[in-house]
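Visitor: Just a sequence and a predicted model for now, questions to come.
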Amino acid sequence: MLHVNAQQPILPHPLLVHPGLKSGTADKPFLNFIAPGEDLGASETSPRLYRVIDGCLAVYHLLADGRRQITDIIGPGRTISQQPEDGGNRSIKALTYTEVEVLDPAANPVLAAETALEALMRLTRHATLLGRMNAAEKVANGLLDLAEQFPRKLRQGRPVLTLYLTRSDLADWLGLTIETVSRTLNQFKREGVIDYSHAEIVTLMRPERLKDIASGNHPTASVRASKGKA
């Protein structure tokens, strides 16, 4: 089941959902089920498209010393490409139980082109986030992105998201330390911007304020306090 919430207009990136997708097999879709912590893997001979049906994938690169940089989080309705020559230090890992549909790029050229364009746009935005934003802006952008990709039922008209990422995952995605991620989330909670009583369920209590923080407008105490910190 796709986690698409049409009542949630505040977030910027539309999901790519194509009703006429053609799978890699002619008779029925080819589905993969991936357990948390497992890598998606790649075809050794031909490119593949993987459309997330349910769950959460993290695209990451490992440095020689074992450090990890997550470059994208992929949620339901989105598609990611995997080339045979990707290999190296690039991996795609499931952060929860995840179901993906395996598609043939040659049979879905429009989707393949849109997937490549979306990946480029998101990488560009992520480079800006890593290079030019302070901690509060990074965390705010991350929460808004995740709220769009993993929405739950609204809570008193407010967006609610399922947070599949641990604090360590958030840190590796946003280019921060675990301590800074935790401190910033706690500050947002104290200021009434977000609320959470469970680590995996976050409510955006003041989504417009979060958007202001993400864009660098109307800085709050948490933004000023986070400048220069990582």
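Guide: Looks like it came in fine. Small disclaimer: the values here were computed from a predicted structure and weren't measured.
Visitor: Next, the contact list for the residue most central in space within the chain, please.
Guide: Nearest to the mean C-alpha position of the chain, by Cα atoms, centre = their mean, lies residue 73 at 2.7 Å. With contact taken as Cβ atoms under 8 Å, 6 or more residues apart in numbering, residue 73 is in contact with 56-59, 95, 145-146, 149, 165, 173. The way it works is simple: take the backbone N, C-alpha and C, and place the C-beta from them, glycine included.
Visitor: could you redo the last one with a cut-off of 7 Å?
Guide: Counting by Cβ atoms under 7 Å, 6 or more residues apart in numbering, residue 73 makes contact with 56, 58, 146, 149, 173.
Visitor: Show me the beta-bridge partners of it.
Guide: residue 58 (DSSP bridges).
Visitor: Residue 160 now?
Guide: The partner residues for residue 160, given DSSP bridges, come to residue 203.
Visitor: which intervals of this protein have sub-threshold pLDDT?
Guide: 1-29, 42-45, 84-88, 218-230 (pLDDT under 70).
Visitor: can you pull out the strands in it?
Guide: 30-34, 48-54, 57-62, 68-74, 79-82, 90-94, 98-103, 160-162, 194-198, 201-204 (DSSP state E).
Visitor: now those strands as CSV including distance to residue 40?
Guide: Below are the strands of the chain laid out as CSV (distance: least, Cβ to Cβ, whole Å):
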stretch, distance to residue 40
strand 30-34, 6
strand 48-54, 6
strand 57-62, 7
strand 68-74, 10
strand 79-82, 7
strand 90-94, 4
strand 98-103, 7
strand 160-162, 20
strand 194-198, 27
strand 201-204, 26
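Visitor: Rebuild the contacts of residue 73 as CSV, extending it with distance to residue 182 and neighbour count.
Guide: Formatted as CSV, these follow (distance: Cβ to Cβ, whole Å; neighbours: other Cβ atoms under 10 Å):
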residue, distance to residue 182, neighbour count
56, 20, 25
58, 19, 21
146, 16, 22
149, 22, 23
173, 14, 26
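Visitor: can I get the residues you listed in a markdown table with distance to residue 156?
Guide: Output for the contacts of residue 73, formatted as a markdown table (distance: Cβ to Cβ, whole Å):
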| residue | distance to residue 156 |
| --- | --- |
| 56 | 25 |
| 58 | 31 |
| 146 | 20 |
| 149 | 22 |
| 173 | 29 |
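Visitor: And those, which is closest to residue 161?
Guide: Ranked by distance to residue 161 (Cβ to Cβ), the contacts of residue 73 are led by residue 146 at 5.2 Å.
Visitor: From what I see, the closest one and residue 159 are in contact.
Guide: No: between residue 146 and residue 159 there is no contact, the gap being 10.2 Å when judged by Cβ atoms under 7 Å.
Visitor: Enumerate the positions of the longest helix along the chain that are buried.
Guide: In the chain, taking DSSP state H as the definition, the longest helix is helix 109-132. Neighbour counts over helix 109-132 (16 or more other Cβ atoms under 10 Å) mark 111-112, 115, 118-119, 122, 126, 129-130 as buried.
Visitor: Next: stretch 68-84.
Guide: Neighbour count says stretch 68-84 has 68, 70-82 buried, by 16+ other Cβ under 10 Å.
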